[in-house]
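Visitor: No letters, just coordinates:
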């Protein structure tokens, strides 16, 4: 039997409540399907139901086309449903069901409990087999949470069109910014033949509604460049087949220089006829192997990756040559906006990396083909503990846009510290860009509803690897889970997602759930408090990004500075006296950030260089805030340990011990962070702690 | 033909002066040897003479046992010489030669030009074939320098007994702290079968008098742990054979845990009978393969290496178990004193890494067997740009001691910056420990003359690798050359060594030699001036040690701090108010370092924490000194570039261009160092530059 670590939130633990057990057993004992030929996805849905029934209820479900008794689950697509509703004749809910089915998207589903004559059953209708699959996972969640099904009346559709995962996995088995072991996809330069774990990953992703995945790192190295060649396509196709069964389209990150590196051409100029032809032929070949191939993900002209700049072309030229090749097949290009000067001179204070995405891409609005999507990181820098939302959201009204989050905790504790990121993501999604007047939140830009984009959505960098528990830290599973749930419906609250994850993962014990949720909900603020006061980022060990190094990025080429001196700290990004970054926002936000008074404290040092004596809204000075948050943060990290320790004996020993060890490390490391940051600023400012605590 | 890069100082360039050519041709046309059976080393000496004659003079030497004409070189050992002198009967110099030969050590040689009846020849007599080999290289140096041989009368003996090289090469082909390509010894986990390059390395080493080499890293990993097993000994023996021909004994770095890792024992406790037996058997096996095996080099209980502490034993216990095994074979144990707490807490100001070697080893004086040598790094920290000499020298009067230098430029520019280290080494050697009253210089401690040690000498970490020019930077060849020459005779001046190297390497052009020597002689002071003011060390990028990172080691576990705050900088190592390190020296030095007034400026911040406003002997404040040296150092680095550029056309294009590129990089990087350090201290101190130069 697989371990609880491995099963993550798909534990399908035994249902213990006797009454529920009776009800659920009756229902799941018979799964009624349509007579139409099923597809792989429908098969996966049925298989999942069977698997869950077996472990939750010790049940072997019967799958039939007609009910064998009075209680059952009937599943099918809209087409199936119309037949059933026709046959069943009118009953009290049929009108309302028909209403629900109108315009149901292919990924949506309707879930009803129906009492009709002597029958009492659950009806699950998907907009397509994918909708059914999502509905099955939803139903299983309800059962796992012990929800009473009577009166069940649910209609769900995903808010976002593309719900994507980016794997930063390399063919050599390493994972860029991976903190949970080696790749599940690659080993020793080859695509794995062991597909069982990939299938379980597909199940996990589908269970939270993910529908796309790019399976290789955006930094495309030598072997991965050849994934699009006939030599390696069969291996890629094998992986695509696994994901296909779970409604997930496969994408590849491609190397812009591939026409030269594998095509033998002398150029990769996107306007060169030979290059265009090469991409067209290459893409045609891919689709012969993988008919539902999603498309290409591209990091170009960024951090030494090749791109159109080499040929004096712009990003639109670069993206369009790929888009043209993909267009006949319905494929898309996802072009990353993480483009900036990574050879900046720290002495030059006029250049501001935060400006880069906007400065590079805004002028190109309208120039991209309509199957190109720009993938914009949530903030202007790089997945820091706290950044403002990227000013690019909503500014390119004629360009498909999607948002990029990072689930892997590169700058947020690397899955050694617990840091539940859903609240951070929600802040980004809820940020009002004012692009189209008040109420133009980022979530409404990237779900395509404000500017009616043809393609839109959200992607995120995965946090999984070969570790038994997938994510290194068991509590980091909540981020993968939460990501999927949140982008399915950005109106979900962080608390609800945390609670749902905790129930599915650790079982329906309210004490356990309460403690786990408490830890999760506090974790981002705690991590912020001992690492990144007032939005000062980059105070981390260069390259590794784990642990404090206040000046680590201060004199580097990466454009990542805080300018702390003996008097003050922060980056002046105002229009009046700074880099002008604040003015990239729509006027309401620009004005808010421009002024020290209206700029929110938590972003103050991102936008302003201020003396240590500056008084915050809280009434504290900047320096005292630094000291206080660090003393408090380290203490709170210790409290997480303590809170978890109450679960000894209530969580299985394996997971209990593992999480304990990580929380121990976190507490110790938070203490280290506290002292390094406090000492650094004390030595620099000379200001003593008002509370007289020890600063070294 | 091999490139000038590769031939380093063994260019054997064509002799161009017609008169010299005639003289040398006459001499070298006939090499007269003794009738006694020669050995490999003698063969190597003859081979080297032949090789040099061929390229310097286009000559094929005749090797005979009797002269074929009136002009020749006669070479042999003391035994041979006695026969010749007997036969030749008395002539004017024979008495003085006999005098010279009295007590000539096996590694010494006598070199005479003799005019006798109608003959005029050069007589080279070695204390053994090794002495002959060293004499041949000496003679060839004279010829390469165009020295007039008339009246030649030289008697040389090496001052130091062990003249050793430590390779930090790993079996995977990497070199710890190597900056000149991969290992010439290993590739892909195996000992190379390509011995030609190793032979050329042996020639280079022998040419400057090196007589011992440890061929693997002191951090002994998995594969290298097995070098002492029958499986891999044949490969090691092959390499030993190459070095043997050049009079160089081979040593291995061993893993203290080898009895467990390869011996299958359950302990490596040095007092365990099984362990003692295992080391004895293992050592016996080694000597069956390599009868002249030198012994073991050991890094134990240091930086996570295993050692006797695990078993609650001390370093003497650890070293003695190995010494006992080596003793019957005449082998020795070299036990490194680089032992300190590398998990120090930076918050704990009472612990001082500088104290560690003394604190660990001083109490063990007299406890080591007499075939154990302690290898002591030149300074108390770790090969910084400037450190005081280790206080351990001369304090252990009943223990064999040797000195460890680092030729590879770990902290001194990594062979990208030019930094001629002979002057630094000379300062250490000339440092008067006062161990036995005034005049007890380090050089007299480590050459064994003060305390009559059985074994003594000097080792250094090599700077070579597979790069065509061996050392990455061609000018870094001077460090390997200079190391050998200096430890042969520590009375040599840095200037003379530099000049000799330049003549051998670039030819006898005075302008070239003048410029090259100018660059070399200025290089250490220049490097110091832009990187390490007033002996503040460790302001480098952690792990890599290249480039500035002022706080990089400030909050680390390595015990490497400068404690800079807004008011001042430096480590208080006085007895009165600091860590007490200064008191580890003999009283005269302790007093000198203890007092701010008498402590030399260049070591001031190593011993004292001082305000930026402190006035130096120069009359400048500490902060102004930092600014001035950094502006000057960066400017001087530029001047090196300029000086070298005058050699265009005078040095072959390959070496000219390569050195030019490195000097360009150095100038640019020195500029970066300048600005980072100045900005750091300006931001911290708030003190403006008195000269009003730009600080960012």
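Guide: Structure's in. What do you need? Note that this is a predicted model, so its numbers are computed, not measured.

Visitor: packing partners for the longest helix anywhere in chain A?
Guide: Counting by DSSP state H, the longest helix found in chain A is helix A:653-685. If you count contacts as 3 or more C-beta pairs under 8 Å, 6 or more residues apart in numbering or on different chains; DSSP states H and E, helix A:653-685 packs onto helix A:4-7, helix A:510-531, helix A:622-645, helix B:653-685. For glycine as for every other residue, the C-beta is placed from the backbone atoms N, C-alpha and C.

Visitor: Can you list the buried residues in that helix?
Guide: A:655-656, A:658-660, A:662-663, A:666-667, A:669-685 (16 or more other C-beta atoms under 10 Å in any protein chain shown).

Visitor: Centre of the chain to it, how far?
Guide: When C-alpha coordinates are averaged (C-alpha atoms, centre = their mean, to the nearest Å), helix A:653-685 and its chain have centres 26 Å apart.

Visitor: Quick one: mean pLDDT for it?
Guide: The average pLDDT for helix A:653-685 rounds to 98.

Visitor: Torsion angles phi and psi at the residue most central in space within chain A?
Guide: Nearest to the geometric centre of chain A sits residue A:460, at 3.6 Å (C-alpha atoms, centre = their mean). The phi/psi pair for residue A:460 (degrees, to the nearest 10) reads phi -150, psi 150.

Visitor: and it, how far is that from residue B:589?
Guide: Taking C-beta to C-beta, to the nearest Å as the measure, residue A:460 and residue B:589 are separated by 62 Å.

Visitor: how far away is the residue nearest to the centre of chain A from residue A:490?
Guide: In terms of C-beta to C-beta, residue A:460 sits 13 Å off from residue A:490.

Visitor: now swap in residue A:611 and tell me
Guide: Separation of residue A:611 from residue A:490 (C-beta to C-beta) stands at 39 Å.

Visitor: what about these two, which has more around it?
Guide: residue A:490 (21 against 14; other C-beta atoms under 10 Å in any protein chain shown).

Visitor: list the contacts for the nearest residue to residue A:101 once chain neighbours are set aside?
Guide: Nearest residue to residue A:101, sequence neighbours excluded (C-beta to C-beta, 6 or more residues apart in numbering or on different chains): residue A:78, at 5.4 Å. By C-beta atoms under 8 Å, 6 or more residues apart in numbering or on different chains, residue A:78 lies in contact with A:101, A:104, A:125, A:126, A:127, A:128.

Visitor: Please identify the helix or strand for residue A:367.
Guide: Residue A:367 is part of no helix or strand, with elements assigned from DSSP states H and E.

Visitor: what sits against it?
Guide: A:314, A:316, A:320.

Visitor: per-residue pLDDT, the closest residue to chain B within the stretch 451-600 of chain A?
Guide: Scanning the stretch 451-600 of chain A for proximity to chain B using C-beta to the nearest C-beta identifies residue A:565 as nearest, at 3.6 Å. At residue A:565, the pLDDT value in this model is 97.

Visitor: Can you give me the distance of the spatially closest residue to the residue nearest to the centre of chain A that is not a sequence neighbour to chain B?
Guide: Nearest residue to residue A:460 in three dimensions, chain neighbours excluded: residue A:405, at 4.0 Å (C-beta to C-beta, 6+ apart). Per C-beta to the nearest C-beta, to the nearest Å, residue A:405 is found 30 Å from chain B.

Visitor: now swap in residue A:175 and tell me
Guide: 21 Å.

Visitor: nearest to residue A:59, of the helices and strands packed on helix A:653-685?
Guide: For these, proximity to residue A:59 was assessed by C-beta to C-beta; helix A:4-7 is nearest, at 18.2 Å.

Visitor: Which helix or strand lies directly C-terminal to that closest one?
Guide: Once the chain leaves helix A:4-7, the next helix or strand it forms, by DSSP H and E, is helix A:18-28.

Visitor: ok, residues contacting that following helix?
Guide: By C-beta under 8 Å, 6+ apart, the list of residues contacting helix A:18-28 reads A:15, A:49, A:52-53, A:56-57, A:59, A:61, A:69, A:71-73, A:121-122, A:143, A:146, A:148-149.

Visitor: what about it, distance to the chain center?
Guide: Remark: helix A:18-28 is offset 35 Å from the chain centroid, using C-alpha atoms, centre = their mean.

Visitor: To what extent is residue A:344 buried, counted in neighbours?
Guide: 18.

Visitor: contacting residues for it?
Guide: A:351, A:353, A:557, A:558, A:559.

Visitor: interface residues of the stretch 201-350 of chain A facing chain B?
Guide: A:346, A:347 (C-beta under 8 Å from any C-beta of the partner chain).
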